[in-house]
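# Mind looking at a prediction? Sequence and model below.
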Amino acid sequence: MNLTQTLSNIHIFWLVGGFVFLGIGVVIGEPVAAAVGIAAIITAIAALSVPSIALQLLIWGILSIALAIVLRGMVPKQAKDLHSNIEGTVTETIPKGGLGVVSYEGAIWQARCQISDIAITPRQIVHVVGRHGNTLIVLPTTFSEEPSDSNT
């Protein structure tokens with residue numbers, strides 16, 4: 001096989017390389033590798049009518065960059081929301097079913113107890129279990145016995 005025959009079948013190299021990179025990108029979950037593979041597959045199709053290797057490399061390079069940008073933008077970013085610390089301190093009473101105030105990660109937040117029939121008193125440590133808008137959803141770390149309302 002001489003160089004002329006190899007260059008005339010260059011689209012096969014683009015195609016094989018494209019599927020290899022696409023497979024690697026899918027297996028390891030890296031969108032840039034998948035973008036390089038997709039760009040190579042498209043370049044293989046273009047190579048059928050574009051004989052210049054330099055022009056094929058230009059097509060592949062531009063497509064790789066453009067597809068990498070697009071695919072990276074489609075990957076969801078991991079939220080940094082409420083992960084570093086899960087405990088806060090109640091600074092104003094959280095009444096049953098109502099809003100109170102909690103000190104959490106150096107800031108003051110409105111907070112609501114996840115269990116609506118529990119009141120949480122100031123200086124009590126709470127677990128932050130979620131967030132709804134600008135309101136933290138909390139649970140007390142300890143549950144205290146409340147006096148009964150009966151007069152017997």
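Received the coordinates, thanks. Every value quoted in this text rests on a predicted model; they were computed, and no experiment measured them.

# pLDDT averaged over stretch 126-136, what's the number?
Per-residue pLDDT over stretch 126-136 has a mean of 90.

# I'd like the distance from that stretch to the chain centre, please.
Here stretch 126-136 is found 20 Å from its chain centre; the criterion is C-alpha atoms, centre = their mean, to the nearest Å.

# Going by neighbour count, list what's buried in it.
126, 128, 136 (16 or more other C-beta atoms under 10 Å). Glycine gets a C-beta too; all of them are placed from N, C-alpha and C.

# What about these, which are in strands?
In this view, the buried residues of stretch 126-136 that belong to strands under DSSP state E are 126, 128, 136.

# Rebuild those as JSON lines, extending it with distance to residue 28.
Output for those, formatted as JSON lines (distance: C-beta to C-beta, whole Å):
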{"residue": "126", "distance to residue 28": "40"}
{"residue": "128", "distance to residue 28": "34"}
{"residue": "136", "distance to residue 28": "37"}
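
# Work out for me the element residue 109 sits within.
Using DSSP states H and E, residue 109 falls within strand 107-113.

# For that strand, name the packing helices and strands.
If contacts are counted by 3 or more C-beta pairs under 8 Å, 6 or more residues apart in numbering; DSSP states H and E, strand 107-113 sits against strand 87-92, strand 99-104, strand 125-132, strand 135-140.

# Remind me what the third one packs against, helices and strands.
When contacts are defined as 3+ C-beta pairs under 8 Å, 6+ apart, strand 125-132 sits against strand 87-92, strand 99-104, strand 107-113, strand 135-140.

# Which strands border the strand holding residue 109, and is each parallel or antiparallel?
Sheet pairing here is set by DSSP bridges, and for strand 107-113 it gives strand 99-104 (antiparallel), strand 135-140 (parallel).

# next one: the first one to chain centre, how far?
Spelled out, that is strand 99-104. 28 Å.

# Can you dump the C-alpha atoms of stretch 103-123 in PDB for me?
Taking Å, rounded to 0.1, in the frame of the first residue of the first chain, the C-alpha atoms of stretch 103-123 are listed here in PDB:
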ATOM      1  CA  SER A 103     -27.000  31.100  62.300                       C
ATOM      2  CA  TYR A 104     -25.500  28.900  59.600                       C
ATOM      3  CA  GLU A 105     -22.000  29.200  58.100                       C
ATOM      4  CA  GLY A 106     -21.500  32.700  59.600                       C
ATOM      5  CA  ALA A 107     -24.700  34.100  58.100                       C
ATOM      6  CA  ILE A 108     -28.200  34.600  59.500                       C
ATOM      7  CA  TRP A 109     -30.900  32.600  57.800                       C
ATOM      8  CA  GLN A 110     -34.700  32.300  58.100                       C
ATOM      9  CA  ALA A 111     -35.400  28.700  59.100                       C
ATOM     10  CA  ARG A 112     -38.400  26.400  59.300                       C
ATOM     11  CA  CYS A 113     -38.500  23.000  61.200                       C
ATOM     12  CA  GLN A 114     -39.100  20.100  58.800                       C
ATOM     13  CA  ILE A 115     -41.500  18.700  61.500                       C
ATOM     14  CA  SER A 116     -44.200  21.300  61.700                       C
ATOM     15  CA  ASP A 117     -45.400  20.500  65.200                       C
ATOM     16  CA  ILE A 118     -42.000  21.000  66.900                       C
ATOM     17  CA  ALA A 119     -40.800  24.400  68.300                       C
ATOM     18  CA  ILE A 120     -37.000  24.900  68.500                       C
ATOM     19  CA  THR A 121     -35.600  27.200  71.200                       C
ATOM     20  CA  PRO A 122     -32.600  29.600  70.900                       C
ATOM     21  CA  ARG A 123     -29.100  28.300  71.200                       C
END
